[in-house]
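Enquirer: This is a predicted model, with the sequence first.
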Amino acid sequence: RPTDANNDPVVNLKLSDERHILVQTTNEDTHLFLYSINGYLIRTRKFEYHIVDMLLSDQYIILAVNDHSTSKEKTDSTSSNIARIIIKDMFEMTTIQATRLRIQINCIYLTKDSSHLLVSAKDGKLFVLTPEKKKKIPIFY
């Protein structure tokens, strides 16, 4: 069980090929917990944004994030949707790259050879992102 005091419900759980367990809990805030296969807590982070889907690949966490922000500066209170694909280091949970999309994300999938990242959008479109050549870190464009 994640070690947060609020006992937030577990909404997503992923197992990496290297046998690490990533647990997502969500209530008011999103928390990620990284465990070893033996249940040892390696890292925990709190995020202010809404994680829709996540993947584990090698030493990286790939997050699909949908944010809904409202502009209070305008009198008609317009709102904008922000979606991002965020690549983080698995153990430090620091951001390596963030790619912004103009449409909300449903889910993400990484091909078996990690050559393509498939992004399903809310409007039914499918985006295919490929990593930049000559990079050891999977930076997608």
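Expert: Cool, the structure landed. Residues are numbered from 1 along each chain as shown.
Enquirer: which residues touch the residue positioned nearest the centre of the chain?
Expert: Taking CA atoms, centre = their mean, the centroid of the chain lies closest to Leu63, which sits 1.4 Å from it. Taking CB atoms under 8 Å, 6 or more residues apart in numbering as the criterion, Leu63 is in contact with Ile51, Asp53, Met54, Arg84, Ile85, Ile86, Ile87, Lys88. The way it works is simple: take the backbone N, C-alpha and C, and place the C-beta from them, glycine included.
Enquirer: Identify, from those residues, the entry nearest to Val119.
Expert: For those, the minimum distance to Val119 (CB to CB) is 6.6 Å, reached by Ile85.
Enquirer: Only the buried residues of the lowest-mean-pLDDT helix or strand in the chain, if you could.
Expert: Ranking every helix and strand in the chain by mean pLDDT, DSSP states H and E puts strand 60-70 at the bottom, with a mean of 81. When neighbours are counted by 16 or more other CB atoms under 10 Å, the buried residues of strand 60-70 are found to be Tyr60, Ile61, Ile62, Leu63, Ala64, Val65, Asn66.
Enquirer: Save those residues as JSON lines, and put in distance to Ile96 too.
Expert: Putting these into JSON lines (distance: CB to CB, whole Å) gives the following:
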{"residue": "Tyr60", "distance to Ile96": "7"}
{"residue": "Ile61", "distance to Ile96": "9"}
{"residue": "Ile62", "distance to Ile96": "10"}
{"residue": "Leu63", "distance to Ile96": "11"}
{"residue": "Ala64", "distance to Ile96": "15"}
{"residue": "Val65", "distance to Ile96": "14"}
{"residue": "Asn66", "distance to Ile96": "20"}
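Enquirer: Which single one of those residues is nearest to Lys112?
Expert: For the buried residues of strand 60-70, the residue nearest Lys112 by CB to CB is Ile62; the value is 14.5 Å.
Enquirer: doesn't Ile87 make contact with the closest one?
Expert: Yes: using CB atoms under 8 Å, Ile62 is in contact with Ile87, at 5.5 Å.
Enquirer: ok so, going back, for Ile42, state which of the buried residues of strand 60-70 is nearest.
Expert: Nearest to Ile42 among the buried residues of strand 60-70, counting by CB to CB, is Ile61 at 11.9 Å.
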